[in-house]
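**Student:** I need the structure of the sequence given here:
(one chain, ligands or ions: 1)
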Amino acid sequence: MDLWLNCISKRFPRIKVLEDVTAEISAGTTVALLGSNGAGKTTLLRCLATLSSPDSGDIRMDGEILKRGRIDLRQRLMFLPDFPDLFSHTDPLEVIAMHLKLWKADRPGIEQRVADLMDQLQIASLCGVPVHTFSRGQRYKTALAALATVDPELWLLDEPFASGMDPQGIATFRQEGDDAVKKRARILIYSTQMVDLACGFSDKIAVISRGRLTMYDTENDLQRDPRRLDALLIAPRS
Ligand SMILES: Nc1ncnc2c1ncn2[C@@H]1O[C@H](COP(=O)(O)OP(=O)(O)OP(=O)(O)O)[C@@H](O)[C@H]1O
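**Tutor:** The predicted model follows:
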């Protein structure tokens, strides 16, 4: 899949959050999305997930405009918010099964894949336990297991490194994300505040500042840009 963001702008009543955001992202790319608090990272991820609509501009998947009504295109992506909203009385296996059904992603051998993921994430013991009793990290791991099982072409995650997951969960996220991008040519876009982590886990670093998005190919490009500190520290203008 190739993804195009064409001049996306989005404003809320008091603030212009995104301004002519333009980018092209190819299959097999991990993008770390950086920006200060309130810069617009979640807003951009929500636009990509079709949970929010840009005021102007469009997002295209392989040339086709991505919007809420295009269920076929939406089935090619999944968004993990920083606090995943899961049906409270379901258990992890039911959560995963529901996602597989909604995304039409059931396939031979999926049971073993689910079992392996639950082992790696150390949530197998939570089978039969309703998610409303889970800790934040357990809830996030359950949603991550659903994402990795469905394995959409576009993975979108809001603050996975601040999700409450323990080191084993973070390591699983990195391994699964890496495999998805490198072995199956997925696109992975995640937001983070942690510049060092972003530099160590990305092919491109995208920085949102004052509504504008700048893409850096490498950590060196980011470090060389004299605007970087400004970009990472300053929130959008009202
Ligand atoms: N539904 C909304 N209504 C009004 N303002 C909103 C809404 N959603 C977001 N905003 C504003 O848009 C700006 C960008 O918010 P967003 O959540 O995208 O930032 P962020 O970069 O993800 O921040 P953080 O790092 O703190 O999570 C903020 O000023 C926020 O208050």
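
**Student:** Distance from the chain centre to stretch 188-198, please.
**Tutor:** 10 Å (C-alpha atoms, centre = their mean, to the nearest Å).

**Student:** So which bits of the longest helix along the chain are buried?
**Tutor:** Longest helix of the chain, by residue count under DSSP state H: helix 167-184. Neighbour counts over helix 167-184 (16 or more other C-beta atoms under 10 Å) mark 169, 172, 173, 174, 176, 177, 180, 181 as buried. C-beta coordinates here come from the backbone N, C-alpha and C atoms, glycine included.

**Student:** Distance of the nearest residue to the first one once chain neighbours are set aside relative to the ligand?
**Tutor:** Distance criterion C-beta to C-beta, 6 or more residues apart in numbering; nearest residue to residue 169, sequence neighbours excluded, is residue 141 at 5.2 Å. Distance, residue 141 to the ligand, using C-beta to the nearest ligand atom, to the nearest Å: 21 Å.

**Student:** Next, residue 141: secondary structure please.
**Tutor:** helix (DSSP: H, G, I helix; E, B strand; the rest coil).

**Student:** Let me see the ranges of the strands in this protein.
**Tutor:** Counting by DSSP state E, the chain has strands at residues 3-12, 15-25, 29-34, 56-61, 64-65, 77-80, 154-157, 187-191, 204-209, 212-216.

**Student:** could I get these as a markdown table with mean pLDDT, distance to residue 50 and mean neighbour count?
**Tutor:** Formatted as a markdown table, those follow (pLDDT from 0 to 100; distance: least, C-beta to C-beta, whole Å; neighbours: other C-beta atoms under 10 Å):
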| stretch | mean pLDDT | distance to residue 50 | mean neighbour count |
| --- | --- | --- | --- |
| strand 3-12 | 97 | 13 | 18 |
| strand 15-25 | 96 | 15 | 19 |
| strand 29-34 | 96 | 17 | 24 |
| strand 56-61 | 97 | 8 | 18 |
| strand 64-65 | 97 | 11 | 12 |
| strand 77-80 | 98 | 8 | 22 |
| strand 154-157 | 98 | 10 | 24 |
| strand 187-191 | 98 | 14 | 25 |
| strand 204-209 | 93 | 19 | 23 |
| strand 212-216 | 92 | 18 | 19 |
